[in-house]
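Output the structure for:
(one chain, ligands or ions: 1)
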Amino acid sequence: MNDKELRRRDLLGDCIAKGLLVAAAPMASTRLFALWQQAEAQAAKPTPADVLGPFYKKGAPDVSVLRKPGDPGFPLRVVGKVMNTRGEKLPGARIDVWQADHAGLYDVRGYRYRAQLALGGASEYTLETILPGHYADRPAQHIHYLISAPGHKTLITQAYFATDPFFEGNPGRNYAKNNIVGNRELVRPVKLFEQGAPHAEITFDIILEKA
Ligand SMILES: [Fe+2]
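Numbers count the residues shown, from 1 in each chain. Take a look at the predicted model:
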């Protein structure tokens, strides 16, 4: 048990002793203690941060369809929601996304494959885009994110793809290769849909920490 856990344990014990944490039905204090710790452990961890990179550009349009008919590249749908660490949706969230095109190029003059979405009360988003291409400086496919919501810390991060050849079929072992991806959690499984227009899909939910 580390120091932080010890302090939390002491604090919880103190709360129980002072009647600040009480059981609704008769319950031994050890059971109460264990239940509370279990509930705390289940609180969702904030989504890990990642680097901003040099290609962020303010003022992207509020559009959820980033690909145009005839664009090269494999169609990709990204779905997700913005939540707090209790798993509650966060109204008023904004998401900036930007990515390279199929050839690994960012549009630095215009706003292709860039969007800023105001999610309103729904806190959910869908992007219709393409699988980003590879580029030499950061050779794992990725989508950049900048997410904000009232009362919460702004998060800069990136989503990666478990099917990317960069991970050589084993993102669990290879995610840290070349120091590109800082956290395994950012590498998402890819679902493939063949009905209608074939496309890939990832889910990228975002959990923000209170400010
Ligand atoms: Fe990038």
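
so what pLDDT did residue 5 get?
According to the per-residue confidence, residue 5 scores 64 in pLDDT.

low-scoring pLDDT stretches of the protein, where are they?
Applying pLDDT under 70 to the predicted model, the residue ranges of the chain that meet it are 1-6, 41-42.

Longest strand of this structure, counting residues only.
Using DSSP state E to define each element, the chain has its longest strand at strand 75-84.

Can I get that strand in CSV, CA atoms only?
Extracted as CSV, the C-alpha positions of strand 75-84 are listed here (Å, rounded to 0.1, in the frame of the first residue of the first chain):
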residue,chain,number,x,y,z
PRO,A,75,-14.1,5.7,-44.5
LEU,A,76,-14.0,5.9,-40.7
ARG,A,77,-16.7,6.8,-38.3
VAL,A,78,-15.7,7.9,-34.8
VAL,A,79,-18.4,7.9,-32.1
GLY,A,80,-18.1,9.0,-28.4
LYS,A,81,-19.3,11.1,-25.6
VAL,A,82,-17.8,13.5,-23.1
MET,A,83,-18.2,12.6,-19.4
ASN,A,84,-17.0,13.4,-16.0
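
Give me the contact list for the helix or strand that it is followed by.
Beyond strand 75-84 in the direction of the C-terminus, DSSP states H and E gives the next helix or strand as strand 94-99. Residues outside strand 94-99 that contact it (Cβ atoms under 8 Å, 6 or more residues apart in numbering) are 55-57, 60, 66, 78, 82, 106, 113-119, 125, 127, 129, 132, 142-149, 206. The way it works is simple: take the backbone N, C-alpha and C, and place the C-beta from them, glycine included.

Only whichever of those residues are buried, select them in ChimeraX.
Paste this into ChimeraX to select the buried members of these, with burial taken from 16 or more other Cβ atoms under 10 Å:
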select :60,66,78,82,106,113,114,115,116,117,119,125,127,129,132,142,143,144,145,146,147,148,149,206
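
buried stuff in stretch 85-93?
Those would be 90, 93, for stretch 85-93 by 16+ other Cβ under 10 Å.

tell me how far the ends of that stretch are from each other?
When the termini of stretch 85-93 are compared using Cα to Cα, to the nearest Å, they are 14 Å apart.

Over to stretch 47-62?
As for stretch 47-62, its first-to-last residue distance stands at 23 Å under the measure Cα to Cα.

For the lengthiest helix in the chain, which outside residues touch it?
As assigned by DSSP state H, the longest helix anywhere in the chain is helix 3-17. Residues outside helix 3-17 that contact it (Cβ under 8 Å, 6+ apart) are 1, 20-22, 29, 32-33, 36-37, 40.

repeat that for 10 Å
Taking Cβ atoms under 10 Å, 6 or more residues apart in numbering as the criterion, the residues outside helix 3-17 that touch it are 1-2, 20-23, 29-30, 32-33, 36-37, 40.

Go through these and flag which are in helices.
Within those, membership in helices is found for 29-30, 32-33, 36-37, 40, as judged by DSSP H.

could you measure the closest residue in space to residue 20 that isn't next to it in sequence against residue 33, distance?
Nearest in space to residue 20, with sequence neighbours left out and distances taken as Cβ to Cβ, 6 or more residues apart in numbering, is residue 14 at 8.0 Å. Here the distance between residue 14 and residue 33 works out to 11 Å (Cβ to Cβ, to the nearest Å).
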